[in-house]
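> Quick check, what structure comes out for this input:
(chains A and B)
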Amino acid sequence: MEPDVSIETSSMIRVAVIPVGPVPPNHLRDYSAMLLRHCTISLSTISSFYTEHQKSPFSNQPWDSGSLRFKFMLGGSPSSPWEDFQSNRKILAVIGLCHCPSSPDLDAVVDQFAAACKGYPSALVQRCFGFCPGDSQLEDGSKREGNLILFPPSDRQTQEFHMNTMVQDIAASLLMEFEKWVLQAESAGTILKTPLDSQASLSSEEVIKAKKRRLGRAQKTIGDYCLLAGSPVDANAHYSTALELARLTGDYFWYAGALEGSVCALLIDRMGQKDPILEGEVKYRYNDVISYYRKSFIQDNAQRVSPLSFELEATLKLARFLCRRELAKEVVELLTAAADGAKSLIDASDRLILYVEIARLFGTLGYHRKAAFFSRQVAQLYLQQENGLAAISAMQVLAMTTKAYRVQSRASDSKHSLPSEIGPSYADGGKMHHHSVVSLFESQWSTLQMVVLREILMSSVRAGDPLAAWSAAARLLRCYYPLITPAGQNGLATALKNSSERLPSGTRCADPALPFIRLHSFPLQPSQMDIVKRNPAREDWWAGSAPSGPFIYTPFSKGEPNDTSKQELIWIVGEPVQVLVELANPCGFDLMVESIYLSVHSGNFDAFPIRVNLPPNSSKVITLSGIPTSVGHVTIPGCTVHCFGVITEHLFKDVDNLLHGAAQGLVLSDPFRCCGSAKLRNVSVPQISVVPPLPLLVSRIVGGVGAVILYEGEIRDVWISLANAGTVPVEQAHISLSGKNQDAVISVAYETLKSVLPLKPGAEVTLPVTLKAWQLGLVDPDNAAGKSASGSTGRQSKDGISPILLIHYTGPLTNPGEPPENGSSVPPGRRLVVPLHICVLQGLSLVKARLLSMEIPAHIGENLPKPVRLDNGSTEEVTISESKADGLVKIDPFRGSWGLRFLELELSNPTDVVFEISVSVQLENSSDVDNPSVDQDAAELGYPKTRIDRDYSARVLIPLEHFKLPVLDGSFFVKDSQADGTSSGRTLSFSDKTSKAELNASIKNLISRIKLRWQSGRNSSGELNIKDAIQAALQTSVMDILLPDPLTFGFKLSKNGAGHAAKLDSPKESNVQVPSTSKGSVLAHDMTPMEVLVRNNTMEMIKMRFSIRCRDVAGANCVEGDKATVLWAGVLSGVTMEVPPLQEVKHSFSLYFLVPGEYTLVAAAVIDDPNDILRARARSVSSNEPIFCRGPPFHVRVIGTA
Amino acid sequence: MASTACFIIVSRNDIPIYEAEVGSAVKKEDAAQQHQFILHAALDVVQDLAWTTSAMFLKAIDRFNDLVVSVYVTAGHTRLMLLHDSRNEDGIKSFFQEVHELYIKVLLNPLYLPGSRITSSHFDTKVRALARKYL
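From the prediction side, this is the model:
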């Protein structure tokens, strides 16, 4: 069988092209290329070289349109035993190619050529072309006659022209030889034999048969020569005769041959045009050809020779003729039939050629998988040959199949497919649609791929191509490790090592092996290095340019799409950066990665290689670092890895695709998951831009890096030192607060920072910051719990609860020495985040606050005790000053303390230190200007310090009497007056509301005036927040504290009776034993005039009936009853009285005490027709309930003898 | 039962999602791989042939040496391919139809991702049982 056969092959003149003498390969290629261009020589061009010696047998030769075809056999070919059967198989001409500079002796060349031509007895024309001859050779050559033709050295065009002429000459010579041969063949009988004809002794019958057949065979051969001579019409005529004769003699083989020739003649006649009728004709005739070849199969010599190869060739010829997409079905049938014949072929090389041709035809048809299948069959046949050249051929053939099996090396497809793949995946930020993921893994038939790769590995090892072997082993290991046993994986690793040993060091390969590398993350820059885009138009240039806080997503920035691809990283020239990548070694051997570094193609990044060792089935996250070297953009497509002795580039995209495929169940295994690594969100490579150097502030808290430990409410200063560690001065800086508990920062010395700007590189500044510890509330109960569990562990300051100091700073707008750039590229600023680690410890705590009341009756005297509301603090005898150590509460006995209330604060100290507390009450101006006696100074009442030991509680009493309002006003009972509903206009309700607000304000005012400060140790001090507790304590009785009673009663000894007074005084003076202190005493057995003053504290007239009681020590009424010990004058009970608003009414009476001792006078009244205000004040439930009003008791000490 | 038979389900993306050597002949790895190569090559023929007929069973569409490839194409262009050496066309047709039903059941599994490998052992058992029955 012969390769590359087609129907037209029958019309081609076979010419052997052989090198004569030593010819350098590149020259040989050059010369043969020049020659090979002249495959078709049209008859019209050779007429000048043609001389008609006799009458041409080719009577119908188309001189104007016909042509001669050459088939140049480079290197020649052995003669075929079937030459007689198909004349086109004969070598009809020999062309020698000689490179004159390497063969100086032309005689030797001629001899060599002559010797070479002896191998081609069928050659009718021999020529030897000598190229690039020297002058002497030219001279020598011009003298000699013969076959040697020297091409004078000249330019290429001339040489080609020269070559054209020479080939035309050969063509004309051949034509003349053909004529000669045909004339000879027609006249003299020629014996034409094929190997099919019995070689054994010819029986007489056989001889007769052969004689009969001879004529037909001669006609067929003449037809062949006619075809070769380019005369299809003549050929057809001869073939027709031959067909007749062959059919008559039953010479099927030759019949088929003649039929084949006639089809060729038909096609040549039609000059290559194809129409359906012609196609049908060709198909019909060729099917005949095939069937006749099959018929000519003779069983008895099948072992030795068989016409099978002609049948297959005819099949392939027809298939090639029909090979079009539309006729795919027929072609497939033909090729399948041809493939079936392979088994019966005796010669292995015939089978090889058959498979090669089938593969080629399938490839032409577009059936790449079929083509690959037969190519692999070819490769297997090559591999069976067990020699190096065959192995190289096998390797090359297999390399052609890789595309169909989808195992192609990246080197082979990088040119076209890679850029198109990069495009979309980069554009949509690594987001892959399911569709495109699937398309990536289309036709991944792992079993076949593994076999093919293994065969490539085997053939390339055998062919001695270490790089191809490495590449195949790498692909096999990387893609199919889950299907390979650990022993097999080890074997592949060994193959990789062995191949790399034979490669020069530093060899690069397009196909990565292990490990699998994926992008893990870009570590967030430490908070000290935050970069903030600068908005040059604004004063606060950092605003709105970066998320304020540690969160990438904030709900407040939802307007802008938070697309990951939009994410942008800014790197700074000269500042090292880090990228985390994850490596996985899913195989069962130790993987030694000699070096791995980020592969950056933009050229402005210095990557630092590191060495990694990956144990079997493990993954590792490693940090790869580098330094940006110049301003611009940086893209990181992957990593460059030096592993198994070869340098490869591992693209992140590939692994991403692989993981996508694994997620879709399209790939066997996820290399990271099988190494136990967690599933990772797909990380897209952000756009990275490199900017010029920026300043870099570094902060340090003076006095230790630990948390500042503060007790609740404590105030303390800390110092923060800022240093510029960059290479550019800080020109602008701004401090702001962020995070929780921002109010804990009382002040920041912003001015200090301002004053040192610009901060030169290396300079340092220290800022004081005043902190106030916040209250530990319910918000962090675990802190309190930790506190109770163990004191030390509770000291850990938690992240997130401390305030954060944000310092935004920038360098100069443009770098010195550089031309100012356009406004769009302002260098960004930076943000320094200084977390103020504050650890708040539980300090003194308020257990509870409650209100205590105390009633001490006043002594009756000549003067009315000052009413409580007029009090200017005399209850405590205003003399109390802060300097006084014993600022105790003193009570004037004549004054009493009716209605005095104390706020009791119970404090506990759960800490392990001692606290000292001091309470102060600030006395502020009362809003009521009517009251002249109110202390106008905003004095502060201080109480002595109280010490509370650890784990002890203490109570502090605060008297609350300074706060009574002077007037009982209806406005305080807004609700009630509203409920009344009668005649309450809008104005009233409005004023009510304001008054209510006033009341609330006064309550707040009251509370805010009480302060509780504490101090612990030398430098801890603060204030306890007791507002809420006081408010809670006061809530129920705030009215009692703030509002006066509607009526106040005051008793005093009457002075208008001067005589009484004198009488009263005289015995007092005479009676020496009467202590002078008993000034307010009353003598027994004496009529004592007294007055009761009734004051109306309301704004309305009050009508009432009141009565006065006098009780003795035992509490018995001593005015009435059988055993009355007190006589009286005046009205004591049922006194009806009307008191105008805010006025006092005096009622006089006299008492005569019979028995000395202690008596108590109490006045009580029943108010007639009480209004709502009074009812509200008295908290009466029903409207007809009588309203009582009782005054404070007064003591009367009666002296004298009984 | 056929001495050689290799059954493969190829997804519409040309990825084999199920493969089974169901022949009674002694199994050799080399032969199994060769079977798959033949089936893979036959996909080219199926690709053209599937659109010329409305029948799902395409009968024997390709052969190599004495091995014949029969193909059944589902509506979703999943191809059930059988490489066999017997000529029992009716049996093969029944086999394909029943495997198709099994395959539909696999598809109905909400946990099965269409186009991914069929790993159900139940499916495997059933297919082998069908192969014994029909081939």
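> C-alpha from now on. contacts and neighbour counts both.
OK.
> all helices for chain B, in order.
Using DSSP state H, the helices found in chain B span residues B:29-49, B:89-108, B:121-134.
> Mind checking the ones you listed for the one nearest to chain A?
Among the helices of chain B, the nearest to chain A by Cα to the nearest Cα is helix B:29-49 (4.5 Å).
> Is there proximity between the closest one and chain A?
Yes. Using Cα under 8 Å from any Cα of the partner chain, helix B:29-49 comes into contact with chain A via B:33, B:36-38, B:40-45.
> Against which helices or strands is the biggest helix by length in chain A packed?
What stands out as the longest helix in chain A, according to DSSP H, is helix A:156-187. Helices and strands touching helix A:156-187, by 3 or more Cα pairs under 8 Å, 6 or more residues apart in numbering or on different chains; DSSP states H and E, are helix A:25-36, helix A:43-46, strand A:125-131, helix A:204-228.
> which of the helices of chain B sits most buried?
Among those, ranked by average contacts under mean count of other Cα atoms under 10 Å in any protein chain shown, first place goes to helix B:29-49 (a mean of 19).
> helices and strands around it, which ones?
Other elements packing on helix B:29-49 under the criterion 3+ Cα pairs under 8 Å, 6+ apart are helix A:368-384, helix A:446-463, strand B:5-10, strand B:57-64, strand B:67-73, strand B:79-84.
> so what's the residue nearest the centre of chain B up against?
Among the residues of chain B, the smallest C-alpha distance to the mean C-alpha position (Cα atoms, centre = their mean) belongs to residue B:81, namely 2.8 Å. Contacts for residue B:81 were tallied using Cα atoms under 8 Å, 6 or more residues apart in numbering or on different chains; they are B:7-10, B:39, B:69-72.
> Model confidence score at it, please.
Residue-level confidence at residue B:81 comes out at 90, pLDDT.
> Tell me, what's the model's pLDDT at the nearest residue to it once chain neighbours are set aside?
Nearest in space to residue B:81, with sequence neighbours left out and distances taken as Cα to Cα, 6 or more residues apart in numbering or on different chains, is residue B:71 at 4.6 Å. At residue B:71, the model reports a pLDDT of 91.
> Kindly report the same for residue B:100.
Reading off the confidence values, residue B:100 has pLDDT 92.
> Could you check how far it is from residue A:124?
Distance check for residue B:100 against residue A:124: by Cα to Cα, to the nearest Å, it reads 67 Å.
> domain assignment for chain A?
By the assignment in automatic domain parsing, chain A contains the domains A:7-187, A:510-691, A:697-841, A:845-1042, A:1047-1199.
> How far off centre is stretch A:7-24?
In terms of Cα atoms, centre = their mean, to the nearest Å, the gap separating the centre of stretch A:7-24 from the centre of its chain is 64 Å.
> tell me the average confidence for it?
85.
> Just the buried residues of it, please?
Buried positions in stretch A:7-24, judged by neighbour count with 16 or more other Cα atoms under 10 Å in any protein chain shown: A:7-21, A:23.
> Next, give phi and psi for residue A:469.
As for residue A:469, its main-chain torsions (degrees, to the nearest 10) stand at phi -60, psi -40.
> Now do the same contact list for it.
The contact partners of residue A:469, by Cα under 8 Å, 6+ apart, come to A:456-458, A:460-461, A:495-496, A:499.
> would you turn these into JSON lines with neighbour count, pLDDT and distance to chain B?
Formatted as JSON lines, these follow (neighbours: other Cα atoms under 10 Å in any protein chain shown; pLDDT from 0 to 100; distance: Cα to the nearest Cα, whole Å):
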{"residue": "A:456", "neighbour count": "27", "pLDDT": "87", "distance to chain B": "15"}
{"residue": "A:457", "neighbour count": "27", "pLDDT": "87", "distance to chain B": "17"}
{"residue": "A:458", "neighbour count": "19", "pLDDT": "86", "distance to chain B": "15"}
{"residue": "A:460", "neighbour count": "26", "pLDDT": "86", "distance to chain B": "20"}
{"residue": "A:461", "neighbour count": "22", "pLDDT": "86", "distance to chain B": "20"}
{"residue": "A:495", "neighbour count": "21", "pLDDT": "87", "distance to chain B": "22"}
{"residue": "A:496", "neighbour count": "25", "pLDDT": "87", "distance to chain B": "24"}
{"residue": "A:499", "neighbour count": "23", "pLDDT": "87", "distance to chain B": "26"}
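> want to try a markdown table for the helices and strands packed on helix A:156-187, with mean neighbour count and distance to residue A:1166 as columns?
As requested, the helices and strands packed on helix A:156-187 are exported to a markdown table (neighbours: other Cα atoms under 10 Å in any protein chain shown; distance: least, Cα to Cα, whole Å):
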| stretch | mean neighbour count | distance to residue A:1166 |
| --- | --- | --- |
| helix A:25-36 | 14 | 138 |
| helix A:43-46 | 19 | 152 |
| strand A:125-131 | 21 | 150 |
| helix A:204-228 | 22 | 152 |
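> Residue A:661 is nearest to which of those?
Minimum separation from residue A:661 across the helices and strands packed on helix A:156-187 (Cα to Cα) falls at helix A:25-36, 47.8 Å.
> distance between the closest one and the chain's centre?
Between the centre of helix A:25-36 and the centre of its chain there are 58 Å (Cα atoms, centre = their mean).
> now swap in stretch A:486-496 and tell me
Taking the mean of its C-alpha atoms, stretch A:486-496 sits 35 Å from the chain's own mean (Cα atoms, centre = their mean).
> what mean pLDDT does stretch A:631-641 have?
Per-residue confidence for stretch A:631-641 averages out to 82 on the pLDDT scale.
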